[in-house]
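Enquirer: Okay, predicted coordinates and the sequence, questions at the end:
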Amino acid sequence: MAPDPNMISLEWHGDALVVIATGAVEELNWDIVEHAAEIVLDPIRQQKAPMVVFDMSQVKYFGSVFLALLIRCHKLVKTCGGVMVICGLHDLAKDLLHITALDTLWAIYNTREEALEAIGA
């Protein structure tokens with residue numbers, strides 16, 4: 001089963017990949033996460049030192065499936081010598097990352113513009 005094509009979209013801002021998640025990721029399940037992961041991971045693999053911004057401004061909350069996707073992306077980006085940041089988190093999502101201590105893995109910015117500026121894109 002393929003994920004909703006509107007669940008995740010990708011935009012390039014110079015050399016930076018912006019992954020835009022929609023509220024549909026709140027219902028991402030294990031049956032389709034692999035397909036969703038490939039949508040995001042394929043362009044990252046093609047970059048020498050990827051710069052990735054996850055724009056979460058359209059998502060109020062997400063569960064363990066999307067969290068697993070974030071971690072997979074983080075591992076790949078770090079392995080390639082790149083940087084991954086997150087922006088636009090709603091309070092529930094911020095709380096989740098704080099409770100799991102994953103807010104220590106990624107720099108978190110309020111807006112996409114701040115995130116892009118921080119990574120030099």
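Expert: Structure's in. What do you need? Residues are numbered from 1 along each chain as shown.

Enquirer: And for Asp55, the neighbour number?
Expert: Neighbours of Asp55 under the rule other Cβ atoms under 10 Å: 23. The C-beta positions use only the backbone N, C-alpha and C, and glycine is treated the same way.

Enquirer: How about the contacts made by it?
Expert: Val18, Val19, Ile20, Ala21, Cys87, Gly88, Arg112, Ala115 (Cβ atoms under 8 Å, 6 or more residues apart in numbering).

Enquirer: Report the two of the residues you listed separated the most.
Expert: Ala21 and Ala115 (13.5 Å; Cβ to Cβ).

Enquirer: can you list the residues that contact the lowest-mean-pLDDT helix or strand in the chain?
Expert: Within the chain, confidence by mean pLDDT, DSSP states H and E is lowest for helix 33-45 among all helices and strands, at a mean of 88. The contact list for helix 33-45 (Cβ under 8 Å, 6+ apart) reads 1-3, 7-8, 10, 17, 19, 25, 28, 50, 52, 65-66, 68-69, 72-73, 76-77, 80, 82.

Enquirer: With just CA atoms, put that helix into PDB.
Expert: What follows is helix 33-45, C-alpha atoms only, in PDB (Å, rounded to 0.1, in the frame of the first residue of the first chain):
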ATOM      1  CA  VAL A  33       6.300   3.800   6.300                       C
ATOM      2  CA  GLU A  34       8.800   2.100   4.100                       C
ATOM      3  CA  HIS A  35       7.400   3.700   1.000                       C
ATOM      4  CA  ALA A  36       7.300   7.100   2.700                       C
ATOM      5  CA  ALA A  37      10.900   6.600   3.900                       C
ATOM      6  CA  GLU A  38      12.100   6.000   0.300                       C
ATOM      7  CA  ILE A  39      10.400   9.200  -0.800                       C
ATOM      8  CA  VAL A  40      12.500  11.100   1.700                       C
ATOM      9  CA  LEU A  41      15.700   9.000   1.800                       C
ATOM     10  CA  ASP A  42      16.300   8.700  -2.000                       C
ATOM     11  CA  PRO A  43      17.200  12.400  -2.500                       C
ATOM     12  CA  ILE A  44      19.300  12.500   0.700                       C
ATOM     13  CA  ARG A  45      21.400   9.600  -0.500                       C
END
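
Enquirer: No further questions, thank you.
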